[in-house]
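# sequence unknown, structure follows:
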Ligand SMILES: Nc1ncnc2c1ncn2[C@@H]1O[C@H](COP(=O)(O)OP(=O)(O)OP(=O)(O)O)[C@@H](O)[C@H]1O
């Protein structure tokens, strides 16, 4: 087992506005952590600091003991930090299987070593099948993405992200825009993710958070207000006051 992701004293300012304040936390390998907080708390900024979209003002990001803070976005993906692709990245006229082939080919360097082996193609097709089984979308394999329901498209997007073999997966509002009749698909898919993957879920839907997360970090004004189990978070008076509201608890 690796050490997972360790964030130490991470700070980010936009001019005079401090949006990440001395954030120190760990995402152990295999953890299921939700990051919650009111609008403007700094959740997206935090995700962007992890993926390398933004550079921190100060602080360290360590993955399995290695400082990855100076790596650019592409190198961080290769190191193992992935955020879900957006649906707009799916090729709508291609089938699910064809869409899944693309990140695997990219990961393998297209024309390089995998094709020097006689069974290279077979390995790729087997991996695609395995990914589809993992997300329970094998029945959709030959359908063009444009014919899929929105929730199913989000599962394909998740499969694409898993194809890069991340160690840490950031799910930024995985159920956003998904009709309530399809949100169970997302919950089930998250529950089926590989057990050694660290998952960070940024989500406003508290029902989803409570179903899939075993730890919750509450961010307010760029700082961690508290971190705990779902039960500890819902019973915390400041969280109730600041974020959840009496109706949720
Ligand atoms: N590029 C930027 N330049 C200046 N300020 C920014 C920039 N990006 C974000 N901010 C500010 O940083 C703060 C945190 O924004 P962020 O989007 O990270 O919050 P959030 O918790 O993800 O909010 P939401 O739940 O609404 O998505 C906000 O005050 C926002 O206006």
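Right, received. Where do you want to start? Since this is a predicted model, take the numbers as computed values, not measurements.
# from here on, contacts and neighbour counts on C-alpha atoms
OK.
# and the helix ranked longest in the chain, how far from the chain's centre?
For the chain, the helix with the greatest residue count under DSSP state H is helix 120-134. How far helix 120-134 lies from its chain's middle: 21 Å, per Cα atoms, centre = their mean, to the nearest Å.
# helices and strands around it, which ones?
With contacts defined as 3 or more Cα pairs under 8 Å, 6 or more residues apart in numbering; DSSP states H and E, helix 120-134 has these neighbours: helix 96-107, helix 113-116, helix 150-162.
# for the longest one, buried residues please.
Judged by neighbour count (16 or more other Cα atoms under 10 Å), helix 150-162 contains these buried residues: 150-162.
# average pLDDT across it?
What helix 150-162 shows for mean pLDDT is 93.
# what is the orientation angle of that helix with helix 96-107?
If you take axes from the mean of the first three to the mean of the last three Cα atoms, to 10 degrees, helix 150-162 sits at 20 degrees to helix 96-107.
# and helix 150-162, what other elements does it pack with?
On a contact count with 3+ Cα pairs under 8 Å, 6+ apart, helix 150-162 meets helix 96-107, helix 120-134, helix 183-191.
# now the angle between helix 183-191 and the helix or strand just after the last one, please.
Next in sequence after helix 183-191, counting helices and strands by DSSP states H and E, comes strand 198-202. With the same axes, to 10 degrees as the criterion, the two stretches strand 198-202 and helix 183-191 enclose an angle of 150 degrees.
# can you list contacts of the longest helix of the chain?
Here helix 120-134 makes contact (Cα atoms under 8 Å, 6 or more residues apart in numbering) with 97, 100-101, 104, 114-115, 138, 141, 159, 162-163, 189, 192-193.
# pull up the residues of this structure that are close to the ligand.
Taking Cα under 6 Å from any ligand atom as the measure of proximity, the chain contacts the ligand at 14, 19, 38, 39, 40, 41, 42, 43, 44, 45.
# the same query, at a cut-off of 5 Å, please.
The chain has residues 14, 39, 40, 41, 42, 43, 44, 45 near the ligand, with proximity defined as Cα under 5 Å from any ligand atom.
# narrow those residues to those that are buried.
Using 16+ other Cα under 10 Å, the buried members of the residues of the chain next to the ligand are 41, 42, 43, 45.
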